[in-house]
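Novice: Got a predicted structure plus its sequence, pasted below:
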Amino acid sequence: MPDSEDPKQVSNNDLRNTQFGGGFVNAEIVNAGRIGGDIYNIHLGQQTVASGNLAQSQNQRERSQQERNSLDQAYTLQSQKVSKIRTALVIETDVSRKFQYEHQLQSEERTLKELGDKLDAIEQQLQASDNFGLAADTTIYIERPPIEDKCYKAIVQPGALIRLKAPQRMGKTLLLEKTLDYARHQGYQTAKIDLQLADIDVLANLKTFLQWLCVDVADSLELEPQLDKHWQEVFGLNKNCTRYFQKYLLSLTDTPLVFAIDNFERLFEYPEIFPQFCLLLRGWYEAAKQGDKIGNIWKKLRLVVVHSTESYPSLDSNHSPFNVGLAIDLPEFNLQQVTNLVKQNELRLGEQGLTRLIDLVGGHPYLVQSAIAHLKSQQVTLEELLRLAPTEQGIFSDHLRQQLWHLQHNPQLGMRYKKVVMTNAPVRLDTEVAFKLHSLGLVKLVSNDCVPGCDLYRQYFSTRLE
């Protein structure tokens with residue numbers, strides 16, 4: 001709708017025959033013929049991003065990027081529509097029309113949220129495929145003592161709970177896999193769920209989520225689900241999930257079970273699920289402390305929770321799994337660790353070259369290993385890498401654009417981050433904003449202030465944030 005048009009003239013919430021930018025958008029399925037480019041049908045009620053195979057071909061990745069770009073434009077158009085309805089609602093004086101606007105606004109905001117969820121899912125899948133590609137080229141694991149040893153010692157303790165925390169792409173998942181591998185060498189069973197790959201429908205409500213979790217863990221252990229046998233509607237949802245683990249998964253054998261939950265932060269945006277699930281995990285942890293028969297069953301369970309931020313919704317301290325167990329805050333690589341990585345990849349950067357690389361990306365594990373992988377394959381020289389790094393021609397361009405997307409779709413983050421990269425001194429930000437930027441790896445926390453995560457980020461974002 002043109003800006004000059006009367007804001008009261010807002011079309012109904014059926015977008016099936018509404019034209020935006022030369023194309024048609026279906027509110028139920030979001031079918032677009034042309035919105036600045038060819039796009040694909042995007043079903044809001046289903047997960048169209050493949051979650052099982054991260055090793056996408058280049059064509060598949062390009063398709064996902066096109067889908068993201070098209071969704072991005074649909075999201076922008078829907079956001080504009082929501083904004084205009086809000087304006088109409090504010091200035092409307094007729095009671096009946098105001099009532100209509102309120103209902104229309106609720107519907108359009110739901111559509112906007114669904115589009116946003118799909119965008120997040122595609123972004124997460126693209127990041128996952130990047131991580132897989134890097135792992136394929138980088139077979140060397142760099143230890144960060146004494147972190148690994150702490151995890152190994154903790155995982156063999158009855159009823160253990162380990163919390164791995166670090167910004168995105170810091171190596172949390174690799175450390176988790178090392179810990180699970182260690183547990184398997186002890187003869188333990190292991191099961192892992194990655195919430196980044198959970199379909200949107202799975203997160204629709206607590207019952208669906210918990211039943212999915214039960215089935216997924218059973219499948220990991222190559223067991224039949226048996227939900228019908230162990231899930232009784234007379235009990236509450238958390239009670240049912242607890243019974244399923246206690247009477248089925250943990251009672252079939254005396255072998256300990258390590259249950260890992262990766263990308264736990266995805267639940268932070270689901271208020272119906274997050275607090276109840278946290279209460280459930282805390283209850284399992286406390287149950288293992290009992291000295292009776294039930295306690296002995298729960299001692300066989302070891303929990304590992306992996307997340308990328310401290311900025312989780314508030315919880316009763318007695319119901320939270322985030323203040324018990326072993327907390328591991330995964331740091332960046334230090335100079336010695338970067339040096340070891342360079343040597344193990346048989347690269348000869350020289351002291352000056354190594355210093356210049358670290359000056360650009362710091363000890364950020366993903367950026368360091370990505371640079372080394374490209375240098376090792378001789379796709380680029382160090383001089384070219386450093387010169388092109390903060391540009392769209394550089395090897396980090398996909399990663400930088402993904403980070404830019406997050407900032408552009410959260411104007412508050414983008415505005416605050418611009419201040420960080422344009423200032424030569426640490427910047428004090430609101431706690432929630434600081435933690436969100438930190439979870440993305442865009443800032444380092446210096447006491448209560450923020451500085452850019454690395455000079456690469458300072459160079460790139462200082463010229464791209466409006």
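Specialist: Nice, I can see it.

Novice: do you know how far the residue located most distally from the centre of the chain is from Gln100?
Specialist: Ranked by distance from the centre of the chain (C-alpha atoms, centre = their mean), the top residue is Asp94, with 43.9 Å. For Asp94, the distance to Gln100 (C-beta to C-beta, to the nearest Å) stands at 9 Å. All C-beta atoms are positioned from the backbone trio N, CA, C, and that covers glycine.

Novice: Who does Ala191 form a beta bridge with?
Specialist: Beta-bridge pairing of Ala191, defined through DSSP bridges, involves Phe259.

Novice: Run a quick neighbour tally on it.
Specialist: Ala191: 19 surrounding residues under other C-beta atoms under 10 Å.

Novice: repeat for Val446
Specialist: If we define neighbours as other C-beta under 10 Å, then Val446 has 11 of them.

Novice: repeat for Gly363
Specialist: Gly363 - counted by other C-beta under 10 Å - has 17 other residues nearby.

Novice: for Glu432, same thing?
Specialist: Glu432, neighbours per other C-beta under 10 Å, totals 12.

Novice: Over to Pro145?
Specialist: Based on other C-beta under 10 Å, the number of other residues close to Pro145 is 8.

Novice: just Val306 next, same as before
Specialist: 25.

Novice: Show the residue spans covered by the strands in the stretch 151-300 of the chain.
Specialist: 161-165, 189-194, 257-262 (DSSP state E, counting those that start in this stretch).

Novice: End to end on stretch 190-198, go ahead and measure it.
Specialist: 19 Å (C-alpha to C-alpha, to the nearest Å).

Novice: Could you do stretch 438-455 as well?
Specialist: Stretch 438-455 has an end-to-end distance of 15 Å (C-alpha to C-alpha).

Novice: pLDDT averaged over it - what is it?
Specialist: Stretch 438-455 shows an average pLDDT of 95 in the prediction.

Novice: who touches it?
Specialist: Applying C-beta atoms under 8 Å, 6 or more residues apart in numbering, the contact partners of stretch 438-455 are 167-170, 265, 308-311, 359-362, 364, 367, 403, 406-407, 417, 420-421, 426-429, 434, 437, 457-458, 461.

Novice: Among these, the buried ones, what's the PyMOL command?
Specialist: For the buried members of these, the matching PyMOL selection, counting by 16 or more other C-beta atoms under 10 Å, is:
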select buried, resi 167+168+169+170+265+308+309+311+360+361+362+364+367+403+406+407+417+420+421+426+427+429+434+437+457+458+461
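
Novice: Just the ones of the contacts of stretch 438-455 in helices?
Specialist: 359-361, 367, 403, 406-407, 417, 420-421, 434, 437, 457-458, 461 (DSSP state H).

Novice: Among these, which one lies nearest to Glu272?
Specialist: Closest approach between these and Glu272, by C-beta to C-beta: His406, at 24.4 Å.

Novice: which one is that closest one nearest to, not counting chain neighbours?
Specialist: Once flanking residues are discounted, His406 sits nearest to Leu440: 5.9 Å by C-beta to C-beta, 6 or more residues apart in numbering.

Novice: For Thr173, see how far away the one you found is.
Specialist: Counting by C-beta to C-beta, the gap from Leu440 to Thr173 is 16 Å.

Novice: and if you look at Phe235?
Specialist: Applying C-beta to C-beta to Phe235 and Thr173 gives a distance of 34 Å.

Novice: okay, the two: which has more neighbours?
Specialist: Between Phe235 and Thr173, Thr173 has the larger neighbour count (other C-beta under 10 Å), namely 20 against 12.

Novice: doesn't Ala260 make contact with that one?
Specialist: No. Using C-beta atoms under 8 Å, Thr173 makes no contact with Ala260, being 9.7 Å away.

Novice: and for those two, which residues touch both?
Specialist: Overlap of the contact sets of Thr173 and Ala260 (by C-beta under 8 Å, 6+ apart) consists of Val306.

Novice: any low-confidence regions in the stretch 51-200 of the chain?
Specialist: 51-62, 120-121, 123-139 (pLDDT under 70).

Novice: mind listing the helices in it by residue range?
Specialist: Here the stretch 51-200 of the chain has its helices, by DSSP state H, counting those that start in this stretch, at 58-91, 95-137, 147-155, 172-185.

Novice: what inclination does the shortest one have with respect to strand 189-194?
Specialist: Read it as helix 147-155. Relative orientation of helix 147-155 and strand 189-194, computed by axes from the mean of the first three to the mean of the last three C-alpha atoms, to 10 degrees: 120 degrees.
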